[in-house]
Each structure stands twice: as C-alpha cells, then as structure tokens.
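>>> Model the following, please.
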Amino acid sequence: MARKCTICEHKDRNKIDSAVAVKGASLRTIATQYRITISSLRRHISNGHIAEKIVQAQHAHEVIEADTILSQMQTVKNELWIIHKEARDRKTNDGDKYPDNPLALKTLTQLDKHLETESKILGVNPEPPANPVTVNLNIAEEVRKLVGILPAVKR
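Numbers count the residues shown, from 1 in each chain. Sure, this is the predicted structure:
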C-alpha cells in the first residue's frame, strides 16, 4: 500500500501550497517554516499535488470572473432598455408624445452589439450555420415603427 503524501495530510497544507506557489520561494525556507522535509515537499510538487490545487483555484477564479462579467453585462443591458423606453416615451412640455427616435435606434444598435457579445461569451451560436435558415417572425409594433423611420434618420 502506497504511503499518503505527508504534505497533503499536513494541517497547514493550504499555507504550504500557497508558499510554494509564490514565485522564487525557497523550498528550504518553506520546509523549515512548516517543519517538513524538503524531500517530502519535492515529492508533493513533483507528484502534481500542488498543481491540482492551483488548477482548481484558477478554475474557481475564472468562474467568479465570468459571473462578474455576466452580471455587469446584465446591468448594461438593463440600462440600455431603460434609455430605449425613455426615448420612446419622451413627451413635449405640453404632454404630447414626441419620441426621440434617433436615440431609440442608437440604443437598439447598442443592444444588438451587446447581445452579440453576450452570445459569444456564453457560446450560444458562435458561428452562423453553414446553410442559413429563413425564419419568419412577428415583429413588435414598436420595431415596425422604428423600421419605418429608418430612411428619415439616415439622411
């Protein structure tokens, strides 16, 4: 039966692994500090025990970072929708509806770019299909109105 790694069983294993991960750290200093042998520390490293922990830590860090990015992207998307709605609901001083269509179109353009980026990050349909499929959609009344004013905005 193979012996268990004394470093993996050590009460200060996380501290030892962290110390080894520091660039330029002296194995002799670490061994002395934690009252372990240099040979057991070298075996621990060469058998990949510390590498496993580093990979796990890197993966956890990547998950947290991705979650933060997606959360920030959701905030931006919400803000874009708010600006779009305010542009469409804008009124004159008399209370008459007077939408800011150019601003509404700009926010839709930004939302389109934003959703494209978000799709790439999430790995949703990263590449267009080799044989494109035509899909007929019912477009919301608001989008129809915006499409109708496109020629006027481009002038």
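
>>> use CA for all of it now, contacts and neighbours both
OK.

>>> Check which helix or strand R28 maps to.
Using DSSP states H and E, R28 sits in helix 27-34.

>>> And the average pLDDT for stretch 123-142 is what?
Mean pLDDT, computed over stretch 123-142, is 65.

>>> For the helix holding R28, output the C-alpha coordinates as PDB.
Taking Å, rounded to 0.1, in the frame of the first residue of the first chain, the C-alpha atoms of helix 27-34 are listed here in PDB:
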ATOM      1  CA  LEU A  27      11.800  25.100  -0.600                       C
ATOM      2  CA  ARG A  28      14.300  25.000   2.200                       C
ATOM      3  CA  THR A  29      12.700  28.100   3.900                       C
ATOM      4  CA  ILE A  30       9.200  26.600   3.400                       C
ATOM      5  CA  ALA A  31      10.300  23.200   4.800                       C
ATOM      6  CA  THR A  32      11.900  24.800   7.800                       C
ATOM      7  CA  GLN A  33       8.900  27.100   8.500                       C
ATOM      8  CA  TYR A  34       6.400  24.200   8.500                       C
END
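
>>> So the residue nearest in space to the middle of the chain versus Q72, what's the distance?
Residue closest to the mean C-alpha point of the chain, counted by C-alpha atoms, centre = their mean, is A66 at 2.8 Å. Using C-alpha to C-alpha, to the nearest Å, one obtains 10 Å as the distance from A66 to Q72.

>>> got it, and E9?
Per C-alpha to C-alpha, E9 is found 40 Å from Q72.

>>> Mind checking which of those two has more residues around it?
Taking other C-alpha atoms under 10 Å, E9 and Q72 do not tie; Q72 has more neighbours (12 against 9).

>>> which SSE is that one in?
Here Q72 is assigned to helix 49-89, by DSSP H and E.

>>> what packs against that helix?
Under the contact criterion of 3 or more C-alpha pairs under 8 Å, 6 or more residues apart in numbering; DSSP states H and E, helix 49-89 touches helix 101-122.

>>> For the helix it packs on, output the C-alpha coordinates as CSV.
Extracted C-alpha coordinates of helix 101-122, given in CSV (Å, rounded to 0.1, in the frame of the first residue of the first chain):
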residue,chain,number,x,y,z
ASN,A,101,-36.4,58.0,-32.5
PRO,A,102,-32.7,58.5,-33.3
LEU,A,103,-31.8,57.8,-29.6
ALA,A,104,-34.2,54.8,-29.6
LEU,A,105,-32.4,53.4,-32.7
LYS,A,106,-29.0,54.0,-31.2
THR,A,107,-29.9,52.1,-28.1
LEU,A,108,-31.3,49.2,-30.3
THR,A,109,-28.0,49.2,-32.2
GLN,A,110,-26.1,49.0,-28.9
LEU,A,111,-28.4,46.3,-27.6
ASP,A,112,-27.7,44.3,-30.8
LYS,A,113,-24.0,44.6,-30.3
HIS,A,114,-24.3,43.8,-26.6
LEU,A,115,-26.4,40.6,-27.3
GLU,A,116,-23.9,39.5,-29.9
THR,A,117,-21.0,39.9,-27.4
GLU,A,118,-23.0,38.1,-24.7
SER,A,119,-23.8,35.2,-27.1
LYS,A,120,-20.2,34.8,-27.9
ILE,A,121,-19.2,34.8,-24.2
LEU,A,122,-21.9,32.2,-23.4
